[in-house]
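Novice: prediction below, plus the sequence it came from.
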Amino acid sequence: MKLIIAIAHERDKHRLADALLENGLTFTKLGSTGGFLRQGNVTVLIGVDDAEAPRVLEVIRSACGKAEEFVNVPGETLTSPTVLPGAFPPHPIKVETGGAVAFVLNVESFQRF
């Protein structure tokens, strides 16, 4: 058995949930926050048989699209010596957002109570 922990952008949470349900998959959904841009995420926990893991990963991949956004990043996260800590750069920077990250873990034991 596998436990898939998938972290997706908040804008994909409904599309991801719908895609999982349409494929007969049950899951637990948790709200979470990303680190770099501090944007909302959703974390989904899915338990499946070993043989189902590739199909579940494909469902996640197809439901969670990447996008480009322009954001202001606090100065302390930039390495430029010309930007003061806490200041914003004069122009927003383009970053890739969205998509998903999935961790596939082996489950030694599963019990339902």
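Specialist: Looks like it came in fine.

Novice: for Asp49, give its distance to Phe113.
Specialist: For Asp49, the distance to Phe113 equals 20 Å [CB to CB, to the nearest Å]. In short, each C-beta sits where N, CA and C put it, glycine included.

Novice: looking at the two, which is more packed in?
Specialist: Neighbours per residue, other CB atoms under 10 Å: of Asp49 and Phe113, the larger number sits with Asp49, 9 against 2.

Novice: you'd agree that one is up against Ile4?
Specialist: No: checked against CB atoms under 8 Å, the pair Asp49 and Ile4 is beyond contact range at 11.4 Å.

Novice: how about the strands in this protein?
Specialist: Counting by DSSP state E, the segments of the chain that form strands are 2-9, 28-33, 40-48, 66-71, 93-98, 100-106.

Novice: which residues touch the first one?
Specialist: Translated: strand 2-9. Contacts to strand 2-9, defined as CB atoms under 8 Å, 6 or more residues apart in numbering, come from residues 16, 32, 34, 39-50, 52-53, 56-57, 60, 63-64, 97-107.

Novice: again, only using 7 Å
Specialist: With CB atoms under 7 Å, 6 or more residues apart in numbering as the test, strand 2-9 has contacts from 16, 32, 39, 41-48, 50, 53, 56, 60, 64, 97-98, 100-107.

Novice: looking at it now, give me its mean pLDDT.
Specialist: Taken as a whole, strand 2-9 carries a mean pLDDT of 94.

Novice: count the neighbours of Glu10 for me.
Specialist: 15.

Novice: pass me the low-pLDDT residue ranges in this protein, would you?
Specialist: Where the chain drops to pLDDT under 70, the residues are 34-39, 67-91, 94-98.

Novice: now with 50?
Specialist: Counting by pLDDT under 50, the ranges of the chain that qualify are 76-78.

Novice: and the end-to-end length of stretch 49-56?
Specialist: Stretch 49-56 has its terminal residues 10 Å apart, counting by CA to CA, to the nearest Å.

Novice: which of the residues in that stretch are buried?
Specialist: 52-53, 56 (16 or more other CB atoms under 10 Å).
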